[in-house]
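> Using only what follows, build the 3D model:
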Amino acid sequence: MKIATFNINNVNKRLSNLLDWLQSSKPDVVCLQELKATDDAFPRDAIEGAGYGAVWKGQKSWNGVAILSRVGEPVLTRTRLPGDPSDMQARYIEAAVRGVLITSIYAPNGNPQPGPKFDYKLAWMERLRRHATALRKTGAPIVLAGDFNVAPTDLDIYPSKSWSDNALIQPESRAAFKQLLGRSWTDAVRFLHLDERIYTFWDYKRLRWQRDAGLRLDHLLLTANLREKLVRAGVDREVRGRDGASDHAPVWIELDLD
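I've put the predicted structure just below:
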């Protein structure tokens, strides 16, 4: 099973990019973030025309997450991260596909920091950690996929001081991601590419794509019962270089589930 995560950065604006990539890469499951569309505006017909069933949680102008599958309809299990009934931001969706529980996560950016947005980011990450722990204890095979808005280590950002005040690389953000991982989850891309500089996001500003000045913000985390089934992992970098591209590239893993 090939599972990908892709921050599409406006699903309708970049629909042709998405459809082209689906046709060329043929992932079995796709976790999308930053739909920037209401539920009614999600391009269901186009997605189904490409051979994918979908579940989604939209939000006008901002956020929004979805899970697509071409290996059976995704069975929706949750559309909100538990722990704060007042939080209405569309940042989390969860579905089962062929016996694997898969999430699409769009964690808060947290900028500017310090401040309320950074506090929300850290509180959201702690809620995610608690929910992930509860899921893991069920014993189900689980993939936590999405844009976590954290570059976990200095290896996950190009050598630079220009991001030093950014919420994506603050010690508190990195500590929250590390605590989420703990000893029980495997960062699939880093597991197979231990010492490699791999990026998944290149800001539109300052020619960062052209200079390969990227960050690794998009991750797929696996429960222990999936780690031994991990075969390959990578980033479809060329998608970021296409006309009208998202500022993120798709990240994918292959699991041998036979």
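> show me what contacts Gln33?
For Gln33, the contacting residues are Thr5, Phe6, Asn7, Ile8, Gly64, Val65, Ser104, Ile105, Tyr106, Gly146, Asp147, by Cβ atoms under 8 Å, 6 or more residues apart in numbering. The C-beta positions use only the backbone N, C-alpha and C, and glycine is treated the same way.
> The second one belongs to a strand, doesn't it?
Translated: Phe6. Yes - assessed with DSSP: H, G, I helix; E, B strand; the rest coil, Phe6 lies in a strand.
> Going forward, count from 12.
With the count now opening at 12, the last piece we talked about shows up as Phe17.
> Now the phi/psi pair for the nearest residue to it once chain neighbours are set aside, please.
Of all residues not flanking Phe17 in the chain, Pro261 sits nearest, at 4.1 Å (Cβ to Cβ, 6 or more residues apart in numbering). The phi/psi pair for Pro261 (degrees, to the nearest 10) reads phi -70, psi 140.
> same check, this time on Ala244
phi -160, psi 150.
> these two touch, right, it and Leu231?
Yes - using Cβ atoms under 8 Å as the test, Ala244 is close enough to Leu231 to be in contact (7.3 Å).
> Give me the common contacts of those two.
Counting by Cβ under 8 Å, 6+ apart, the residues touching both Ala244 and Leu231 are Ala199, Val200, Val262, Trp263, Ile264.
> Would you write a ChimeraX line that selects the buried entries of those residues?
With 16 or more other Cβ atoms under 10 Å as the criterion, this ChimeraX line picks the buried residues out of these:
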select :199,200,262,263,264
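> Among the shared contacts of Ala244 and Leu231, which are located in strands?
Counting by DSSP state E, the shared contacts of Ala244 and Leu231 place Val262, Trp263, Ile264 in strands.
> who are the neighbours in contact with the first one?
In other words, Val262. By Cβ under 8 Å, 6+ apart, Val262 lies in contact with Ala15, Thr16, Phe17, Val200, Thr211, Asp229, His230, Leu231, Ala244, Gly245, Val246, Asp247.
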